[in-house]
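Participant: how does the following fold in three dimensions:
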Amino acid sequence: MVQSKADRLVPLLLLLGAVLTAVDVVWTFTLAPLVQGAQLSEPVVIAGQMVTTKLLLSQKIFYLHVPVAIASFVVMAFLAYYGVRFLMTKDRAYDLRAYVAAQVALVFIVATMISGDLWTCFEWGVWWVWEPRLTTYFILMLLVIGYFILRNAIDDPEKRARFCAVFGIIAFIDAPISFFITRLVPSSIHPVVFRTDSGLPPMMLIPFLLGLFGMLMIGFALYRYALRVHGDAQAVEELKEQLEELDARASERAAAAALERLTARRAVEAVREAACDASAVAARADDENPSKED
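Facilitator: Numbering: from 1, shown residues only. As a prediction, this is how the structure comes out:
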């Protein structure tokens, strides 16, 4: 009942998430003011170029980049949660949910990497910098990709589910590290978005929140859609296995019945042959007796 209600809400959440995201984009490029670049205490040389805090249109990417990144962290949390649930219950349904969460997480992670690289190119003049936030998030993407490699490398379903559950939990550990790394490493040049010393003005906070809630709704809708597709595919596979099992049993029964009929036929033929032999012996005996009387 709970799953059916959630599935009925999926189209509405997907539509609402798309609308909120669209409003976020329109607001970003029409009403939201330009925001400051990376909050550097002093100019920094990156890839041979001097980078300072300055007003850039490229900062508009912030309104989509950060919500997508947060959505990826949230989905990674569900991946770890379902992994823990599987290890506790051994229920294969939690393994399927963790697998679907990993798929959705990879989608948001790739979107975050693309939007982040665009921001890095426009803001810092380079496509990639091995700074703490980018490095830890890149490791997160590799871990999620490794999750799928591990899943495809193990044939045994029970062992695959168990190993992937443990690996998913380990992969999630990198998510909070990537989120808090800009606070743990003061030398990081990546801007700190969530700070306690200052807040965004309403014209910037509203579109940001719209994009955040929109991405979370889209993420949930994608998860439910993917879970339904994989659930249906799993049900079809189970039905195929049941049909194959029934066919095998029917074939065994048919073979056994055919063997019984063949055995019975051979027994009847043997009886007939024995009767024919007995008749032949009796006939020969009758033919021999008159000769003896003569």
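Participant: so for Pro176, what's the pLDDT?
Facilitator: According to the prediction, Pro176 has pLDDT 91.
Participant: flag every buried residue along the host helix or strand of it.
Facilitator: If you go by DSSP states H and E, Pro176 is part of helix 157-184. Neighbour-count burial for helix 157-184, counted by 16 or more other C-beta atoms under 10 Å, picks out 160-165, 167-169, 171-172, 174-175, 177-179, 181-182. Placement of C-beta: from N, CA and C, glycine included.
Participant: cool, and stretch 117-135?
Facilitator: Asp117, Trp119, Thr120, Glu123, Trp124, Val129, Glu131, Pro132, Arg133, Leu134.
Participant: show me the contacts for the second one.
Facilitator: Same thing as Trp119. Ser58, Gln59, Ile61, Phe62, His65 (C-beta atoms under 8 Å, 6 or more residues apart in numbering).
Participant: among these, which are in helices?
Facilitator: In this view, the contacts of Trp119 that belong to helices under DSSP state H are Phe62, His65.
Participant: need the contacts of Trp119 in JSON lines (columns: neighbour count).
Facilitator: Formatted as JSON lines, the contacts of Trp119 follow (neighbours: other C-beta atoms under 10 Å):
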{"residue": "Ser58", "neighbour count": "16"}
{"residue": "Gln59", "neighbour count": "23"}
{"residue": "Ile61", "neighbour count": "19"}
{"residue": "Phe62", "neighbour count": "23"}
{"residue": "His65", "neighbour count": "22"}
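Participant: now Ile177: closest residue in space, sequence neighbours ignored.
Facilitator: Closest residue to Ile177 apart from its sequence neighbours, by C-beta to C-beta, 6 or more residues apart in numbering: Thr136 at 5.5 Å.
Participant: doesn't the one you found fall inside a helix?
Facilitator: Yes - residue state for Thr136 (DSSP: H, G, I helix; E, B strand; the rest coil) corresponds to a helix.
Participant: surely it touches Leu184?
Facilitator: No - in this structure, Thr136 is not within contact of Leu184 by C-beta atoms under 8 Å, at 10.0 Å.
Participant: related to what we said a few turns ago, just put the buried residues of stretch 117-135 in JSON lines and tack on pLDDT, distance to Arg253 and secondary structure.
Facilitator: Below are the buried residues of stretch 117-135 laid out as JSON lines (pLDDT from 0 to 100; distance: C-beta to C-beta, whole Å; DSSP: H, G, I helix; E, B strand; the rest coil):
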{"residue": "Asp117", "pLDDT": "85", "distance to Arg253": "63", "secondary structure": "helix"}
{"residue": "Trp119", "pLDDT": "79", "distance to Arg253": "67", "secondary structure": "helix"}
{"residue": "Thr120", "pLDDT": "79", "distance to Arg253": "67", "secondary structure": "helix"}
{"residue": "Glu123", "pLDDT": "71", "distance to Arg253": "72", "secondary structure": "helix"}
{"residue": "Trp124", "pLDDT": "72", "distance to Arg253": "73", "secondary structure": "helix"}
{"residue": "Val129", "pLDDT": "81", "distance to Arg253": "69", "secondary structure": "coil"}
{"residue": "Glu131", "pLDDT": "81", "distance to Arg253": "69", "secondary structure": "coil"}
{"residue": "Pro132", "pLDDT": "81", "distance to Arg253": "67", "secondary structure": "helix"}
{"residue": "Arg133", "pLDDT": "83", "distance to Arg253": "65", "secondary structure": "helix"}
{"residue": "Leu134", "pLDDT": "86", "distance to Arg253": "64", "secondary structure": "helix"}
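Participant: and the longest helix seen in the chain, what does it pack against?
Facilitator: Ranked by residue count, the top helix of the chain under DSSP H comes out as helix 202-293. Contacts defined by 3 or more C-beta pairs under 8 Å, 6 or more residues apart in numbering; DSSP states H and E place helix 202-293 against helix 2-30, helix 62-89, helix 92-124.
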